[in-house]
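Engineer: Provided below for reference: sequence and predicted model.
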Amino acid sequence: MNNNLQVFARDHVWHPYDSLENPIPVLDVVRASGTTLYLSDGRELIDGVSSWWSACHGHGHPLIVAEMEQQLGIMSHVMFAGIIHEPAAELARNLSKITPPGLSDVFYADSGSVAVEIALKMAVQYQSVRNPSRKRFLALQGGYHGDTLGAMAVTDPGSGFSSPYAGYVPEQFFISRPGIKFGEKWDSGAILELRDTLERYQDEIAGFILEPVMQGAGGMYFYHPEFLKAARKLTAEYDILLICDEIATGFGRTGEMFACSFAGISPDIMTLGKGLTGGMISLSAVMTGQKIREAIGYSSARVMMHGPTFMANPLALSAALGSLRVFESYDWQSRVHHIEDLLRQELCSLAESPLVREVRVLGAVGVVEMKQPVDTVSMQRFLTSEGVWLRPFGNIIYIYPPFVISDENLLKCTRSVRKLVSGMERGEIAGFRA
Ligand code: PMP
């Protein structure tokens with residue numbers, strides 16, 4: 001990008017969670033391929049966060065590119081009202097085959113947040129037939145579900161995502177994040193708060209939304225799948241819908257295709273996004289089953305009142321079809337477990353650092369939780385100088401690589417994190433927020 005354009009972009013283009021007045025420095029990426037981001041100044045960085053958790057097969061996977069190119073020559077978009085096309089039908093069939101039993105139906109949308117909005121609207125409409133006073137939601141502290149209004153309302157209010165909009169964002173019910181971590185011993189006392197809350201507010205709660213097993217943006221926290229099992233059982237008892245947001249966990253990230261599998265449960269509604277297209281283009285899907293279909297058919301509107309312009313965009317669907325073919329083309333699960341082993345071997349010793357609170361690994365996610373909030377800018381400066389692109393946030397430094405990453409590149413990521421922490425210990429890098 002030439003200098004003029006760079007200056008214009010710096011002054012006029014918004015970046016996520018950033019200010020226009022005093023923006024944090026950005027890198028000029030000119031190309032991305034496999035696990036590498038190529039910068040205009042000639043540097044190359046390993047994308048250790050899969051471009052915000054989406055590029056599970058790396059950038060520009062040839063199989064997905066070929067599917068998309070072929071689709072582009074046929075049609076890029078047609079409206080979806082009154083129209084069906086093969087990619088929409090085929091992807092729906094494929095998704096219903098790989099998602100947990102009972103999730104036979106698909107509503108396509110254009111982003112993760114919008115999928116969450118649709119899921120919440122479906123739940124309210126479902127309850128309008130069954131228990132009309134139920135119009136609010138229960139969610140977990142530490143949870144994150146997106147930045148649109150409804151999604152923000154079920155995101156942890158203490159996380160800062162919704163606090164600038166207090167008064168505008170509807171208030172929902174929250175319970176503590178499940179206290180028993182993944183891999184710890186289960187104790188059935190851990191469901192008491194959930195049970196009490198459902199019992200107490202059953203006349204108000206339409207649905208319980210959560211990220212199964214792994215909370216992402218709320219701090220990369222892994223909890224015991226038994227909690228999910230209990231949530232399934234209890235919500236069914238109260239006829240409260242269970243909404244599993246698999247936007248971050250879905251498509252193999254945790255070592256299972258969907259994190260719900262750790263608990264062997266089927267939610268009433270499941271939201272998918274991010275890795276759905278292998279990170280090639282925005283697309284989301286809301287998976288439902290007979291129960292929701294029938295209730296909405298009986299509701300006063302009789303139909304689901306939602307219809308994005310770009311619903312079921314064929315180009316995006318072709319990317320998703322391509323991504324599913326990539327999953328079929330190799331043993332992705334062994335690959336994820338191999339990444340998990342390497343992350344463990346490489347990161348666990350960091351738990352001994354006086355600056356580190358905890359190290360945890362699940363599937364292709366490696367987390368180093370620090371004792372204090374990190375300074376993203378100074379950490380990123382160091383990590384990019386090491387040739388690695390990571391995006392620490394809150395107290396968290398994490399690695400979330402594309403599954404196709406080579407061992408060599410993964411070790412480059414883990415060793416950069418180790419160097420970062422030891423540099424901080426020696427006082428050479430100011431990695432904590434001032
Ligand atoms: N739900 C979860 C669990 C997410 O991690 C995200 C995105 N980080 C979203 C919803 C929102 O998705 P999108 O950014 O595509 O709107």
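Structural biologist: The structure has been received and is ready for your questions.
Engineer: R31 pairs with what?
Structural biologist: Using DSSP bridges, the bridge partners assigned to R31 are Y38.
Engineer: T249: what's it in contact with?
Structural biologist: Contacts of T249 were listed using Cβ atoms under 8 Å, 6 or more residues apart in numbering, and they are 211-214, 216, 258-259. Where you see a C-beta, it was placed from the backbone N, CA and C, and this is true even at glycine.
Engineer: now those residues as CSV including distance to F161 and pLDDT?
Structural biologist: Shown next, in CSV, are those (distance: Cβ to Cβ, whole Å; pLDDT from 0 to 100):
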residue, distance to F161, pLDDT
E211, 14, 98
P212, 20, 98
V213, 21, 98
M214, 18, 98
G216, 12, 98
F258, 24, 98
A259, 21, 98
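Engineer: Phi, psi for I240 please.
Structural biologist: The phi/psi pair for I240 (degrees, to the nearest 10) reads phi -100, psi 130.
Engineer: from the contacts of T249, which ones fall inside strands?
Structural biologist: In strands, defined here by DSSP state E, the members of the contacts of T249 are M214.
Engineer: show me the contacts for the closest residue to the ligand within the chain.
Structural biologist: For the chain, the residue positioned closest to the ligand under Cβ to the nearest ligand atom is G112, at a distance of 2.2 Å. Residues touching G112, when contacts are defined by Cβ under 8 Å, 6+ apart, comprise 146, 247, 271, 273-274, 284.
Engineer: Go again with 6 Å.
Structural biologist: Residues touching G112, when contacts are defined by Cβ atoms under 6 Å, 6 or more residues apart in numbering, comprise 146, 247, 273, 284.
Engineer: and if you look at S162?
Structural biologist: 152, 155, 169.
Engineer: and these as a markdown table, adding distance to the ligand, neighbour count and secondary structure?
Structural biologist: Formatted as a markdown table, the entries for these read as follows, by distance: Cβ to the nearest ligand atom, whole Å; neighbours: other Cβ atoms under 10 Å; DSSP: H, G, I helix; E, B strand; the rest coil:
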| residue | distance to the ligand | neighbour count | secondary structure |
| --- | --- | --- | --- |
| M152 | 10 | 22 | helix |
| T155 | 9 | 28 | coil |
| V169 | 16 | 18 | coil |
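Engineer: Name the nearest residue to the residue of the chain closest to the ligand, ignoring sequence neighbours.
Structural biologist: Spatial nearest neighbour of G112, chain neighbours left out: G273 (3.4 Å); criterion: Cβ to Cβ, 6 or more residues apart in numbering.
Engineer: pLDDT wise, what is that neighbour at?
Structural biologist: Model confidence at G273, expressed as pLDDT, equals 98.
Engineer: Can you give me the neighbour number for it?
Structural biologist: 28 (other Cβ atoms under 10 Å).
Engineer: OK, contacts around it?
Structural biologist: Contacts for G273 were tallied using Cβ under 6 Å, 6+ apart; they are 112, 115, 247, 284.
Engineer: Emit the ChimeraX select command for whichever of those residues are buried.
Structural biologist: Selecting only the buried members of the contacts of G273 in ChimeraX, with burial defined as 16 or more other Cβ atoms under 10 Å, works like this:
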select :112,115,247,284
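Engineer: Among the contacts of G273, which ones are in strands?
Structural biologist: Cross-referencing those with the strands (criterion: DSSP E) gives S284 as the overlap.
Engineer: out of the contacts of G273, who's nearest L91?
Structural biologist: Proximity of those to L91 (Cβ to Cβ) peaks at S284, which lies at 12.0 Å.
Engineer: can you pull the pLDDT of the closest one?
Structural biologist: Among the per-residue scores, S284 shows a pLDDT of 98.
Engineer: just N22 next, same as before
Structural biologist: If you check N22, the pLDDT there is 88.
Engineer: Please compute how far the helix or strand hosting F107 lies from its chain's middle.
Structural biologist: For F107, the host element (DSSP states H and E) is strand 105-109. For strand 105-109, the distance from its own C-alpha centre to the chain's C-alpha centre is 17 Å (Cα atoms, centre = their mean, to the nearest Å).
Engineer: Can you list the strands that that strand pairs with?
Structural biologist: strand 284-288 (antiparallel).
Engineer: Dump the partner strand to CSV, restricted to CA.
Structural biologist: C-alpha atoms of strand 284-288 as CSV (Å, rounded to 0.1, in the frame of the first residue of the first chain):
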residue,chain,number,x,y,z
SER,A,284,-23.0,-18.7,9.8
ALA,A,285,-25.6,-21.3,10.4
VAL,A,286,-28.2,-21.9,13.1
MET,A,287,-29.0,-25.6,13.5
THR,A,288,-32.4,-26.6,14.9
